[in-house]
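In: mind looking at a prediction? Sequence and model below.
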Amino acid sequence: MTLSRRDVVKRGGALGVGLGAGLPMADGLLAAPKAGRGYRLRAQEGNRNVIFVTHDDNPFFVPVRAGFEEFGTMAGWETQWIGPPAHDEVATLQYQLDAIAARPMAVGFTRVNTAQFDDAIRQAQEEGIFVILYNTASDGYQELNVAYVGQEFIPAGIESGLQAARHAREITGRTDGTIVLGTIAPGHSALDARMEGARQGIAQYNEENGTTFTTEDLTTSTDPAEAIARLDAKWAADGDRIVGFAHADFVHAQTGIWIEQAGLEGQFANGGFDLVPEVLTAIQNGTAQWSIAQNPYAQGWVTSSLIHMGAARGYPPFSYDTGAEIVDAANIEAVVEREQQFAG
């Protein structure tokens, strides 16, 4: 069963993983991407279980899960989707180990830092389980003989930085000031890379347009009340300097709510990433100007298709960039219509 984004918000929590063992059959050799070795992969007859583990089972992942489960239905798989209800790297590792213990045909993992999950990935590979990364890979993932399906984060961050500087200038009329770079999880490799890209994009805009915008980092929260409190405190301290907020995640949704509550419409630019319903609403009502999308449906469906391609046909998987779609006032209505299928 695929949950809607609304269901995820209501239910919270992670879904349990069944630990029934898959039956190893005759082996097939699957070459790993960009690597000089291969891993033995159990053939799929008699074992159709595929498990995806997320690091944060928030509403963003609803289309990812939908793509995974829809492809799994076509392929005749038994699919399981598991992970902690909020960003938790220790819990994520345990979910990965539980998935490996279930001995599935394949697993889809996220890798949100450069070391913590590597032993689990290697363990799965040595046990003949197909491993592929989706949504977040982190530097050095190629050395693990895995492919990655997801956004290339620094280029996407550059695009967000360019949007931030452009909208900051248009809204405030200023050519100087601070653009605050928000993150819900400092140290999360994808968010950190987006922030670095945003810095580069803002610097590029400055160079091309003679502006002198600067950046500062701000830790926000996935909890709306906490996020708004931190935004409000930052504005109280530095509002005379702030010309924009550029989030590495979906907290521009909460920023939009705060803008309305505080009567700050037209005071600064606001944008970020992803297409959860509250983000779309913020763009529609003008409290956010842009969001950079990353095609989460593809992160489920394409990842699954690469598993099938390798497991059923023996072709090695390859990495797939799910892009950096700019969503703003020009295309918001079409995007809302598209995303409604996941709203529930």
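Out: Done, it's in.
In: helices along the stretch 101-250 of the chain, start to end?
Out: Counting by DSSP state H, counting those that start in this stretch, the stretch 101-250 of the chain has helices at residues 118-126, 153-172, 189-209, 224-238.
In: which of the residues in the shortest one are buried?
Out: By neighbour count, and taking 16 or more other C-beta atoms under 10 Å as the criterion, the buried residues in helix 118-126 are 118, 120-121, 124-125. No exception for glycine: its C-beta is placed from N, CA and C like everyone else's.
In: rewinding a little: export the helices of the stretch 101-250 of the chain to TSV and tack on distance to Ile307 and mean pLDDT?
Out: TSV is the format used below for those (distance: least, C-beta to C-beta, whole Å; pLDDT from 0 to 100):
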stretch	distance to Ile307	mean pLDDT
helix 118-126	13	98
helix 153-172	23	99
helix 189-209	21	98
helix 224-238	35	98
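In: need those helices in JSON lines (columns: distance to Gly140).
Out: JSON lines is the format used below for those (distance: least, C-beta to C-beta, whole Å):
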{"stretch": "helix 118-126", "distance to Gly140": "8"}
{"stretch": "helix 153-172", "distance to Gly140": "14"}
{"stretch": "helix 189-209", "distance to Gly140": "10"}
{"stretch": "helix 224-238", "distance to Gly140": "31"}
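In: tell me which of those is the most buried.
Out: Highest mean neighbour count among the helices of the stretch 101-250 of the chain (mean count of other C-beta atoms under 10 Å): helix 153-172, with a mean of 23.
In: any idea which of the helices of the stretch 101-250 of the chain gets closest to Gln341?
Out: helix 153-172 (23.4 Å; C-beta to C-beta).
In: got the CA positions of that closest one in PDB?
Out: What follows is helix 153-172, C-alpha atoms only, in PDB (Å, rounded to 0.1, in the frame of the first residue of the first chain):
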ATOM      1  CA  PHE A 153      23.500  18.400  -5.200                       C
ATOM      2  CA  ILE A 154      26.100  21.100  -5.900                       C
ATOM      3  CA  PRO A 155      24.700  22.000  -9.400                       C
ATOM      4  CA  ALA A 156      21.200  22.000  -7.900                       C
ATOM      5  CA  GLY A 157      22.400  24.300  -5.100                       C
ATOM      6  CA  ILE A 158      24.000  26.600  -7.600                       C
ATOM      7  CA  GLU A 159      20.600  27.000  -9.300                       C
ATOM      8  CA  SER A 160      19.000  27.700  -6.000                       C
ATOM      9  CA  GLY A 161      21.600  30.300  -5.200                       C
ATOM     10  CA  LEU A 162      21.000  32.100  -8.500                       C
ATOM     11  CA  GLN A 163      17.300  32.100  -7.800                       C
ATOM     12  CA  ALA A 164      17.900  33.400  -4.300                       C
ATOM     13  CA  ALA A 165      20.000  36.300  -5.400                       C
ATOM     14  CA  ARG A 166      17.700  37.200  -8.300                       C
ATOM     15  CA  HIS A 167      14.600  37.200  -6.200                       C
ATOM     16  CA  ALA A 168      16.300  39.000  -3.300                       C
ATOM     17  CA  ARG A 169      17.200  41.900  -5.600                       C
ATOM     18  CA  GLU A 170      13.800  42.000  -7.200                       C
ATOM     19  CA  ILE A 171      11.900  41.900  -3.900                       C
ATOM     20  CA  THR A 172      14.000  44.200  -1.800                       C
END
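In: one step back: wait, which of the helices of the stretch 101-250 of the chain is closest to Asp98?
Out: Asp98 sits nearest to helix 118-126 of all the helices of the stretch 101-250 of the chain, at 10.2 Å, using C-beta to C-beta.
In: which strands and helices sit next to that closest one?
Out: For helix 118-126, the elements it packs on are helix 89-101, strand 106-109, strand 130-134, judged by 3 or more C-beta pairs under 8 Å, 6 or more residues apart in numbering; DSSP states H and E.
In: recalculate using a threshold of 7 Å.
Out: helix 89-101, strand 130-134 (3 or more C-beta pairs under 7 Å, 6 or more residues apart in numbering; DSSP states H and E).
In: only alpha carbons, please: show stretch 124-142 as PDB.
Out: Only the C-alpha atoms of stretch 124-142 are listed here, as PDB (Å, rounded to 0.1, in the frame of the first residue of the first chain):
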ATOM      1  CA  ALA A 124      24.900  -6.800   1.800                       C
ATOM      2  CA  GLN A 125      27.100  -7.100  -1.300                       C
ATOM      3  CA  GLU A 126      29.100 -10.000   0.200                       C
ATOM      4  CA  GLU A 127      25.900 -11.800   1.000                       C
ATOM      5  CA  GLY A 128      24.800 -11.600  -2.600                       C
ATOM      6  CA  ILE A 129      22.200  -8.800  -2.200                       C
ATOM      7  CA  PHE A 130      21.900  -6.200  -4.900                       C
ATOM      8  CA  VAL A 131      22.600  -2.800  -3.400                       C
ATOM      9  CA  ILE A 132      21.800   0.500  -5.100                       C
ATOM     10  CA  LEU A 133      21.700   4.000  -3.600                       C
ATOM     11  CA  TYR A 134      18.800   6.500  -4.000                       C
ATOM     12  CA  ASN A 135      18.200  10.100  -2.900                       C
ATOM     13  CA  THR A 136      21.500  10.600  -1.200                       C
ATOM     14  CA  ALA A 137      24.900   9.100  -2.000                       C
ATOM     15  CA  SER A 138      27.700  11.200  -0.400                       C
ATOM     16  CA  ASP A 139      31.200  11.600  -1.700                       C
ATOM     17  CA  GLY A 140      33.100   8.400  -2.500                       C
ATOM     18  CA  TYR A 141      30.100   6.200  -3.100                       C
ATOM     19  CA  GLN A 142      31.600   5.000  -6.400                       C
END
